[in-house]
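1. Turn this into a structure:
(3 chains)
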Amino acid sequence: MGRSSLERPFLCIDCAPNVALDGSCLPHSNCPLDGNCLLRHRGAFIIAGMTQYVIRRFLGLFPTLWVIITLSFFIIRIAPGGPFSREKELPQQVLENIEAKYHLDEPLIVQYGRYLFDVVRGDLGPSFRYLDRNVNFYIFSSLPVSMFLGVISLSIALIFGVGFGVLSAIRQNSIVDYASMSVAVIGISVPLFVIGPVLMYFLSLRWGLLPTSGWITGRNGWVTLIMPAITLAFPYFAYIARLMRASVIEVLHSDYIRTARAKGLHELVVIFKHVLKGALLPVVSYLGPAFAGIVTGSVVVEQIFRVPGLGKFFVQSAFNRDYTLIMGTVIVYSIILIIMNFVVDIIYSFLDPRISYK
Amino acid sequence: MKKTLLVFGLVALAASVAFVGCAREEPAETAEVSAAAEPVEFFIANGAEPETIDPHLASGVPEHYILMGLMEGLVTPHPETANATPGVAESWEISDDGTVYTFTLRDDAVWSDGVPITAQQFVDSWIRILDPETAAPYAWFPTMFIKGGAEFNAGEADAGAVAVRALDDKTFQFETVGPLPYVLGALSHYSFAVVPTHAIEEYDDEWTLPENFVGNGPFVLEEWKPQEQLTMVPNDTYWNKDKVQLDRVVFYPVDDNTTMYNMFLNGEVDWATDVPQGQIDAAKLRDDFQVAPWLGTYYYVMNNERPPLDDARVRKALSLAIDREMLVNTVSRAGEQPAWSMVPQMDGYPAIDGLGEDVAEAQALLAEAGFPGGAGFPELTLLYNTNESHKAIGEFIQQQWLDNLGINITLENQEWGTYLASRRAGEFDVARAGWIGDYQDPNTFLDMFVTDGAMNGGRYSNAQYDALIEEAATMPAGPARMAKMADAERIFIEEDQGVMPIYYYVNKDMINLDAWAGWYKNVMGWHPVGDVAAN
Amino acid sequence: MSTQSTERANSTDQLQQAVESVSLGRDAWRRLKKNTMAMFGLVVVVVYTLVSLTAPILPIHSFRQQVLEHRDLPPSFTKTAGELWYERERDYMLLVMEKEDRSTFSASEQAELDDIQQRIQSETREINGEIVMVHTRRYVLGTDHLGRDMLARIIYGGQISIMVGMLGTLTSVLIGVVLGSIAGYVGGKTDYLIMRVVDVMYGLPYMLLVIILMAIFGRSIVNVFVALSLVSWLVVARVVRGQIISLKNSEFVEAARSMGASTARIIFRHLIPNTLGIIIVFATLRIPAFIMQESFLSFLGLGISAPFASWGSLVSDAVERMANTPWQLFFPAAAMTVFLFAMNFLGDGLRDAFDPHSTNRR
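-> Residues are numbered from 1 along each chain as shown, chains lettered A, B, ... in the order given. A predicted model of the protein is given here:
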């Protein structure tokens, strides 16, 4: 993909989702440069022109996806156990019949060829665990649920994260700053599987304000959205708030803000018109991988609040050795990740005045 | 600024699109409910997501609860005792030698689409579950009973070899492999269900989808939204529809036990099918906590082939050194009974005594085996599948062996798939296991430990035991047969200590029996929803 | 700007790396000392590490010795375990009485209470070779569901969690540094290959990979952090590669090369020390992430094996019992949060200290 010629001396460092598949770096709260690597180097990156860039990005998707499919296909077969293991162990004969039905008795390479052929036709195969419906059905019925919850959560995280981030930055080292940053650090250091049950215990059991669990299409309707959305939003809120604070502080010290202030512009104007725009860049970059992560669901939130989403399958299908369902989730995850990073790049180019298309 | 607005606009747009999309999906369910006059709805928190509702492919407990509402076999379990009572068959005859069963189907037995249920459909159904191409996980169950079933399932004979026939439209007959006394009880299991062969012919694999589903139980499938809920409404064509009191039954899949318990406390479900370990003490104080003995045993399998566990004295010492009373009173705490035998007590079969507990004797046996005071005893590994209760029990036993015998063990938990693979392959020293009986007879607990049995992961092997089990299998019902079983079990437990029984399971449910009638505690843990009614 | 910063650092003495990196370190330390929050973080981290390391000689109870009578005792400075045990049993009996509509203890209940009173007075038990009056113990943070001291379990749990965090980070940093510097320095096909591997691994759902790896290699504390670090070396590799590429054509590397230094020597003696600052920052911020991921694995039941515990496993065990025994959840969660707080502040501080262009520090 010819990325090796485009080097950046400094890159953001932290967890995987923050780096795009094409090798570009997406900053976020833990970025030692507060996301500025992107500011400085993305400009050199998009030079070839929009159309060419889009085509190259799109074509680059397929080999990566193929390698991902191949790799996961063989890795999951190495894991001990199979999809039909049960507490009451099946007699050999019964197991053989089942394996024959699902072609699991064929050589692995034949199974791989068969699978690849099906995937190309858009058929992700039958689930080995949920026998009445196939993988396509499970993925396409649960992905919209996760997406919806994800968008809501991310919006909450964004609104509060940006708000508190800006507030902390302009009132640096004040009570507001310490309070909101403390909440943010709690969001990063208390596991979701604690936040969720604690919320449920107080909001449902102790105060009786909300139903414990369920989904909007069920008997209790929209109120069931509240707890999962808050729980899921919490860590993202924390990241965004910290990211925003650092970013705003950086921008406040930049020359063009000094100039703006020197011109005697009102502080609010400075902040809303100039600071915010510059400071949002790293947040936007963070949104891409965050979105990919959040819309593919969270096993913890979905299990605790009975959300019929996709996230559970990432963990359960691996435990169940439901080979086809594992593959289905991997494929969906990869595609969404790639697309989201791409979308972020596009949005980014609108925000960053230094990037222009020839 | 414009561009900033654009970003927010995009996000808002995405959100609103998703909103609209989901709003459209929402069914008019709430409206329907309010229109009906006080419908009685029964909500169930039902454990894991059902894997299938095809009775021939099902293999789990959540599926069983659902299938008891949707399907009915020749016989149907009595809600109080779980014993067989007439179902689709109104009467039956058993030949004098106990191997030929002839059932007369009732005339008014019809499918939910109005098609009558025929004897030929029973024949086709049973052939279907035994057919290797169906690949039914529970096919082994009918193969234990029906003559020719095992051969057909193994592909060694064709369907004609299976001894099931339709004498006429309403008379169904089958032959068993021997005079098995527990056939009738087993027939209410879903693997002996009759399936709508006409619907399966029409829709093939898709016959279980709500729009295609045809059943013959007290309820019919109304809606099934995977991971969300499965609902059923009374079946108008059910022969015994007068007994059905509920207007709708809703099964929620609930993966998280704490959520399940909270749903019950919050009044969102009427019946929770399990109680989390951490809430047992609090639950026991409530009137709606239902605990009943269950036909099942929690035990540790010891690898009979690995030294030093190949020495019966070592196995006995390990078993003798555990204070099971203390375990059930302080660790599991739900009212489990300590077990020294593999088979829990049942009608006509009092539990054998086993060896009991005696720390001094355990120490003596261990010394005799060459490990006085635990010296030189290798550090064994105790394998269990990841679960809070298994872990607590493992930690307790680890401490007991250390205190009483001076031996150290390592605990190893594996996630489900790996654990099952290790257990099956015999790759463990000691492994946690549990067995729930499939029918009310000691045989369901004992026949799996014969040499090379599929579920005999500990590789227990004793020719004398094998012979006794085989003899008992062909004996007619009665005390002599039970005595033979007891002899076999004494060899297995008291002489060889092939496995280490720990406690007999209890069934834990949350349901308010003042509000709901027709729900009874029974040893099988079967609670047909068709019999449940509001008080 | 970042290129400038490296250049500035390099301009001091490009041939003698040792001298230069010390000055960079000293410079960073001077800046770090000014940052109150970061120093607070450092102190907390040091204290935690010391406590974990000295756990075996601290005057605490055993973390694995069960005293089943003492299960689920609440924290108390003043009351002995015996008193709390008696109260727990009596309170439960009172609740049973209420349920059964009685107003007095039944004979068996009374006998049981008397028996407890008796045993509290006199019972001894041999623990670790010593005869102790077991019911006079005090548990300042309460006990767990098998009657083990929560304080000891939290301290030993911290040992495991901090170890997972540090060793995991170390492993991932090592893999990342080696592969990243090879990719960056050698370039060409090697670079392309390594970077494609990185790309593919990014595309895989992270937890799925960890679960499968744990299933393949079995469960042990070593495998927990090996599995975690196998999927988190990617970022280090990327960072180091970027750094190396920007440095490899600089004058001091040219000089070393002209003096006949081997590739390995150039990478390990000249290039890697130059990237140390950013790696240290990365590592500090990575440790909390590892601890969080370990806790998630514990939630899934893939964490540390019993009777050992980590903060994550203590917290996930206690969540279910939250309503009845809140202290079992609160104390480990608090211990973990404070540590992660400290680690995050320290990481932020180090970042500011090592990255001279950042404006945060003033």
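2. CA only for contacts and neighbour counts going forward, please
-> Fine.
3. Pull the number of nearby residues for residue 315.
-> Just so you know, I chose chain A. Residues lying near A:Val315 (other CA atoms under 10 Å in any protein chain shown) number 23.
4. that's the other chain; I wanted chain C
-> By the criterion of other CA under 10 Å, C:Val315 has 28 neighbours.
5. quick one: it from C:Thr104, how far?
-> Separation of C:Val315 from C:Thr104 (CA to CA, to the nearest Å) stands at 38 Å.
6. OK, contacts around B:Lys521?
-> Residues near B:Lys521 by CA atoms under 8 Å, 6 or more residues apart in numbering or on different chains: B:80, B:290-292, B:527.
7. Which single residue of the stretch 201-350 of chain C approaches chain B most closely?
-> C:Arg321 (4.8 Å; CA to the nearest CA).
8. Within the helices and strands, which one has the closest residue to C:Met322 other than its chain neighbours?
-> Closest residue to C:Met322 apart from its sequence neighbours, by CA to CA, 6 or more residues apart in numbering or on different chains: C:Leu329 at 6.3 Å. For C:Leu329, the element it lies in under DSSP states H and E is helix C:326-354.
9. what does C:Ala227 give?
-> Secondary structure from DSSP H and E places C:Ala227 in helix C:221-230.
10. Pull out the buried positions in that helix.
-> Within helix C:221-230, the residues that count as buried by 16 or more other CA atoms under 10 Å in any protein chain shown are C:221, C:223-230.
11. Who are the packing partners of it?
-> Helix C:221-230 sits against helix C:150-186, helix C:206-217, helix C:272-299, with contacts defined as 3 or more CA pairs under 8 Å, 6 or more residues apart in numbering or on different chains; DSSP states H and E.
12. Now do the end-to-end distance for stretch B:254-271.
-> Terminal-residue distance, stretch B:254-271 (CA to CA): 12 Å.
13. Output the below-cut-off pLDDT ranges for chain A.
-> Residues of chain A meeting the criterion pLDDT under 70: A:1-54, A:57, A:87, A:345-346, A:348-358.
14. Let me see the contact set for the residue nearest to B:Asn443 when sequence neighbours are not counted.
-> Using CA to CA, 6+ apart and skipping the chain neighbours, the partner closest in space to B:Asn443 is B:Met485 (7.5 Å). Counting by CA under 8 Å, 6+ apart, B:Met485 touches B:442-443, B:468-469, B:472.
15. which bits of the stretch 51-200 of chain B sit near chain A?
-> B:51-54, B:57, B:132-140, B:153-154 (CA under 8 Å from any CA of the partner chain).
16. Against chain A, how distant is the nearest residue to the residue of the stretch 201-350 of chain C closest to chain B once chain neighbours are set aside?
-> Closest residue to C:Arg321 apart from its sequence neighbours, by CA to CA, 6+ apart: B:Gly278 at 4.8 Å. The gap separating B:Gly278 from chain A is 14 Å, by CA to the nearest CA, to the nearest Å.
17. just the strands in the stretch 251-400 of chain B please.
-> Remark: strands assigned in the stretch 251-400 of chain B by DSSP state E, counting those that start in this stretch are B:271-272, B:289-302, B:337-338, B:380-385.
18. any chance of those strands in TSV, with mean pLDDT, mean neighbour count and distance to A:Ile257 too?
-> Below are these laid out as TSV (pLDDT from 0 to 100; neighbours: other CA atoms under 10 Å in any protein chain shown; distance: least, CA to CA, whole Å):
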stretch	mean pLDDT	mean neighbour count	distance to A:Ile257
strand B:271-272	96	26	61
strand B:289-302	93	22	67
strand B:337-338	94	20	75
strand B:380-385	91	21	60
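19. can the ones you listed go into CSV with extra columns for distance to chain C?
-> Shown next, in CSV, are the strands of the stretch 251-400 of chain B (distance: least, CA to the nearest CA, whole Å):
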stretch, distance to chain C
strand B:271-272, 16
strand B:289-302, 12
strand B:337-338, 17
strand B:380-385, 9
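20. Of all these, which one is nearest A:Pro83?
-> Closest to A:Pro83 of the strands of the stretch 251-400 of chain B is strand B:380-385 (CA to CA; 16.1 Å).
21. the inter-axis angle of the closest one versus strand B:289-302?
-> 140 degrees (axes from the mean of the first three to the mean of the last three CA atoms, to 10 degrees).
22. so what secondary structure elements neighbour strand B:380-385?
-> Where contact means 3+ CA pairs under 8 Å, 6+ apart, strand B:380-385 is packed against helix B:388-405, strand B:409-414, helix B:416-425, strand B:430-436.
23. So the first one, near chain C or not?
-> Yes: for helix B:388-405 and chain C, the contact criterion (CA under 8 Å from any CA) is met by B:388, B:391-392, B:395-396, B:399.
24. Can you select the buried ones from those in PyMOL?
-> Entered in PyMOL, the line below selects the buried ones among those, by 16+ other CA under 10 Å:
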select buried, chain B and resi 388+391+392+395+396+399
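25. And the residues of helix B:388-405 next to chain C, which two are furthest apart?
-> Distances among the residues of helix B:388-405 next to chain C were taken as CA to CA; the most separated pair is B:Glu388 and B:Gln399, at 16.8 Å.
26. how many other residues sit next to B:Glu151?
-> Using other CA under 10 Å, B:Glu151 has 16 neighbouring residues.
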